[in-house]
Structures are given as C-alpha cells and as structure tokens.
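**Student:** build me a model:
(chains A and B)
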Amino acid sequence: MAQLVVETTDLTKKYGSFTAVNRLNLKIEQGEVFGFLGANGAGKTTTMLMLLGLTEPTAGTVRVCGMDPARQPLEVKRLVGYVPERVGFYEDLTARQNLRFTAELNRIRRAEAEDKIVSLLGSVGLSEVMDHPVATFSRGMKQRLGIADVWLKDPKLAFLDEPTTGIDPNGIDEMLKLISGMAKRGITIIFCSHVLPQVQKLCSRVGILSKGNLVADGPIDRLGRDAATAGRYRMEAEVDDLKPAVVEAVRRVAGIEEVETSGNTLVATARSDMRGQVSRAIIDSGALLLGMKIEEFNLEKIYKRYSKEA
Amino acid sequence: MYAVFRKEIADHLTSKRFIILFALVFLSAVFAIYIAIQTIRSVVDPTSEFIFLKLFTTSGSNLPSFLFFLSLFIPIVGIALGFDAVNNERNSGNLSRLMSQPIYRDSVINGKFLAGLAVLAIMIVGVVLMVAGLGLRIVGVPPTGEEVVRLLGFVAISVLYGGFWLALAVLFSVIFSRTATSMLASLAVWIVFFFFLSVIAGAIANAVVPIDANSTIDAFTRNATIEGALSRISPCTLYGEATLGLLTPELGTMNSAMLIVSAYSGRMSNPLPLEQSLVIVWPQIVSLIALSAICFAISYIRFMREEIRSI
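**Tutor:** Now for the predicted structure:
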C-alpha cells in the first residue's frame, strides 16, 4: 500500500455553535489527485486550513505525512504547498523577486533557487514577464505564478483552492496541464473546484463535502455507478442491423440483467463489465458490431445527487 | 524572521511613500536649523554652555524649533510605515500564502514591526546627523562629549516615540480590514493627543481648581499639577518633556508646578549633570516604553489568534 499523505480521523471544527467540518475521515495516498468538491461554505477551505495547521481542529486528529500540523507546523509547511483562492503576491515586486522571497522563506540556497525560479517560470509560461511587477499581471498569470510558487519548494502535497476561477478557456487548459504535470512528478494534489468537468478530467478520486459532512468519497466511475444505476454497468453497442434475434442473443448471456434498444443501439445492463461477452453474442448472432462503449458517468449528476442526499 | 525583516526594509526604503516622507522631514529639518542658527547668532550668549544642543531646541520668534518639527513628523512617519502592514497583505490575498510557508506566524508581525522600527531609526539618525553636520559647519562649535551622549539619548527616545506610533498603526492594521480605516483611526488618535489633549487637560484643571489673576501660588501650582498629570497620558507630551529635559540641561524639573515656582522666584537653575537630567526624564521614557509595548502586545495577540482566511 502506498504511503498515506493525509489521514484524518473524526476531524471536527466548530465556530461557536456552527459546525464547519463534522467528523471528517479522509485518507489520501501518495501520488493521488484528489478532487475536493462541495458548495461554497461546505467546509473545504476550513479542512485545508486544518491540514496546513493554520487553524486548530476542535476535535479529532490530523496527520499530514505522519505529522500533526498543529504540533509540528514548520515541518508540515515545508512539505505542503498551498495556493489559496484568489492568490496574492507582493504587487510591487516582480515575479522573480516574489519567488526569490518564497525560496528564502523555505531556506533554499540562493544559487540553487535562481536556476529553479527561471526554469519554473518558464514552465508556467511567465518567462517573458518574470521581471515585470506582479501588479501588471492578469488573474490567470497570478494563478500560474501561484503554481510556480508552490512548486518551488518541491512539496509532497499541494492544495489548490479554485485555481481556475477567472481564467480564460485557453488559460484553463494550460493550468490543468500544469497541474497534471505536477501530479506526474509524484506530487500529491488536493484540488478544490466547482468546475466539475475539470475535476473529472484531472482527478483520480473525489470527495464531496456537504455542510461539513463527507457524503461521498471514491473514484468517479464507482461513485457514478452507485449514483446512477445502483452500482450496475451499462454497456452500449451500435449494430448495423438490430434484429430481434440479436437482442435475444444478448439477453441470453449469463449475467446480463436488462436489455434496452433504441434505433440500432442496444443497451445492456449487468453487475460487471461484460463488454467482451456482449460483443461475442452480437457477432455470433450474425450482426455486425460497429461500436461499443461503457457508459461514462457525469460528475455533475453524481455531485447533484450526493449533495441533495445530504 | 530575518527574511521577512529584510524584505520589509527593502520594501520601505524603495517605496515612494518613504521617499516623500524623507524629503518632507529633510526639508523641515533644514528649515528649522536655518531658523535656529539665525536666532543663536543674534540672541544667545556665545560663551554659554551647550551651544551645540541649542541647535536642536532653539526656535525663532514665531517659528518652531527642530525639536517641534521632529515631534510633529515622527508620528506621521510611524503611522505611514505601519498603518497597512497587515490588512494590506490580507486584502491582496498574500497573507494566507505567506502563512503557508515554513515560518512561525509571529515572525511575520515581529519582522514587520522591527523593519518599521529600523527604518524609523535610519530616518531619525540621518536627519539628526545632517543637522549636526550643518550646525558644525555654520556655527563652528564642536559638540562636547556630554552633548554627544545627550544627543544619542535624544535619538533613542525619538525612535522609541516613533515605535509607539508604529505599534499603534500596526495594531489598527490588524483590527481593521480596510487600510483607509486603519489610517484614519491612527491619525485620529494622533490628532487627539497632539492638539486636543492639552486643551482638554487645561479645561479639566480649570474646572477642578479655578484660577484667576488673584489666585494664590498654591492654587496655580495645584492647577498646573492636575493639567500636567492629565496631559501626560499623551505620548506627545511625554516625548516633548523627555527630549526637552535631555537637550536642555538647564531644565531642573519636569514638574510644571515647580517650574511656576521657579519662574515666580526668578531663580534660574544651573545646568544639571547628565545623570540628573536622565533621572528627571526617566518616568517619561518608561511610560513611552510601556505604551509602545502595550500596543504591540495587543496587536501581537490579535494577530496570533486570528483565523487566516483567504477571503
């Protein structure tokens, strides 16, 4: 089993009588890209702040890379990077000077930092403006600088809070590429966003938070099957000529529970992925199989379903 | 903390704000020294002691002294260096990013405060050195050893005084989320202390012990004692008394009642030795330290307990 980067047990945070986070149990493994979803005020940022040791939990425990962020704040912060929503920099300093300051705070040696800063600013596409003051930067540029800022300290874990808000579509693509680039280097990522297609593209696993409660946690396809078809697989096959005999042949395959048709498309439902068996049945019955796919789950549906449930 | 401290100093020294303030203080210092030299040449007995210190305390017939200018500008500089220290960073979304770096939370506020103090010290030392240099050239009287020590004490008290205003401004920058509010609040406190408190203290003293031309010396001294005690709430008064005591060795007491008595009796005291001057101004110095420490402590505690939110 991979090393656990984040582990919380019954993590709770109350502000007065308001419970921001309620008995959260979360495990995130090394190298995962974890999508953290939830409405505004559902407790995502509070959870992140507790994981960073910037706010103390009311009850429960947090372990980040095996350490308690409240007890060992500096060690944890050395391993964890945080790009807050609406990240800000020193406006009068240039991009390069801002990163230099971050390097200094992280005690990265000057000579080493200089090369790293230049190459990082290159990889986030800010080479040409690295000596311009940040005040002249657009939102998207600041967000990318935020990524470089976190990357600079080579974190084990990076929290990205809404990194794509207010960026144009091309900028979003670049941002998502950057994030998956970070993930490929082995950096565990917790990605908070309201833009579900982006989360779906990027994340191997999601957790949905609603009013402080973790209402769903798992890989997107599993959550989707649970939500849409009570855990069943729906396989769609396109056939050149859908005769009743073909439908009958598929229906007779052991394990197939239901078959529906519309035009020349046949949809079979089963408890497991049976595309192989279904395609053989279609071909054996004399029809031509033109295409086949397994139903993909739309994160939006999953999200709506779970947040309604809570 | 050192990284924060160094960055803040660099920020201050290169900011337009600092350049404007420095120009302002510099020009008023040149103006004050010019007046002082004119006055010293025509009025002061050249054989008297402590000519060099008179450069700082002599005022024209109706033009203020260097000391007055400094007591006017130090609060402004202190406030300007501190009023947006924390809330500006919070508003720009910088604070939560800074907090996620591997530094202790108090090193942020300590670094900022110390950097402000260092910049204040640079400014005050610079201006005092300039005045001393100009005075040396024009008057041609070198300072004695005692005068140098008294001047050093004066610089230290001035930095301390600036430290109070810096601490107050930092406190407001922690409490208020908008920079305009924190600046106005600091300026309001300054205006009350600088302009109104002496008027209020006088009014209260007159209400408690009414005096007129026929009153006894006893009534006058009681009136003055009450007024003095009330106006010493203000760091401006404390600073004025402390620096005057240090730079005017002839001043035998800070007690305004005693001053009245000596004025009545027409007795002029001889210059005090340095230790005695220090003894006289010691309560003022301690009060200034206490006031600055209280302001800084409150902002420190507020800042340490604050929730760091990006919004």
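
**Student:** list, one by one, the residues from the stretch 1-150 of chain B near chain A.
**Tutor:** Residues of the stretch 1-150 of chain B found near chain A (C-beta under 8 Å from any C-beta of the partner chain) are B:3-4, B:7, B:11, B:14-15, B:89, B:92-104. C-beta coordinates here come from the backbone N, C-alpha and C atoms, glycine included.

**Student:** so, low pLDDT: which residues of chain B?
**Tutor:** Along chain B, the model assigns pLDDT under 70 to residues B:43-48, B:252-269, B:308-311.

**Student:** redo that, cut-off 80
**Tutor:** B:40-51, B:59-63, B:139-141, B:213, B:215, B:250-272, B:306-311 (pLDDT under 80).

**Student:** mind telling me which residue of it is nearest chain A?
**Tutor:** Going by C-beta to the nearest C-beta, chain A is nearest to B:Gly93 of chain B, at 2.9 Å.

**Student:** residue at max distance from the center of chain B?
**Tutor:** The centre of chain B is farthest from one residue, B:Asn214, which by C-alpha atoms, centre = their mean lies 37.4 Å away.

**Student:** and that one, which of the three is it?
**Tutor:** coil (DSSP: H, G, I helix; E, B strand; the rest coil).

**Student:** for it, what are phi and psi?
**Tutor:** Main-chain torsions, B:Asn214, degrees, to the nearest 10: phi -90, psi 0.

**Student:** show me the contact partners of stretch A:121-141.
**Tutor:** Applying C-beta atoms under 8 Å, 6 or more residues apart in numbering or on different chains, the contact partners of stretch A:121-141 are A:89-96, A:98-99, A:117-118, A:142, A:144-145, A:147-148, A:165-168, A:171, A:174-175, A:178, A:181.

**Student:** can you check stretch A:302-310 too?
**Tutor:** Counting by C-beta under 8 Å, 6+ apart, A:37-39, A:196, A:208, A:210-211, A:213, A:215-216, A:220, A:223-224, A:227-228 sit against stretch A:302-310.

**Student:** same question, stretch B:13-26
**Tutor:** If you take C-beta under 8 Å, 6+ apart as the criterion, stretch B:13-26 is touched by A:92, B:12, B:69-70, B:73, B:76-77, B:80-81, B:119, B:122-123, B:126-127, B:130.

**Student:** in chain A, where's the longest helix?
**Tutor:** Criterion DSSP state H: the longest helix present in chain A is helix A:169-184.

**Student:** can I get that one as CSV, trimmed to CA atoms?
**Tutor:** Taking C-alpha atoms only, helix A:169-184 is exported to CSV below (Å, rounded to 0.1, in the frame of the first residue of the first chain):
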residue,chain,number,x,y,z
PRO,A,169,-10.6,28.9,-21.6
ASN,A,170,-7.1,28.6,-23.0
GLY,A,171,-5.6,29.6,-19.7
ILE,A,172,-7.7,26.8,-18.0
ASP,A,173,-6.3,24.2,-20.4
GLU,A,174,-2.8,25.4,-19.6
MET,A,175,-3.5,25.3,-15.9
LEU,A,176,-4.9,21.8,-16.0
LYS,A,177,-1.8,20.7,-17.9
LEU,A,178,0.4,22.2,-15.3
ILE,A,179,-1.4,20.5,-12.5
SER,A,180,-1.3,17.1,-14.2
GLY,A,181,2.4,17.8,-14.8
MET,A,182,2.9,18.3,-11.1
ALA,A,183,1.0,15.1,-10.4
LYS,A,184,3.3,13.2,-12.8
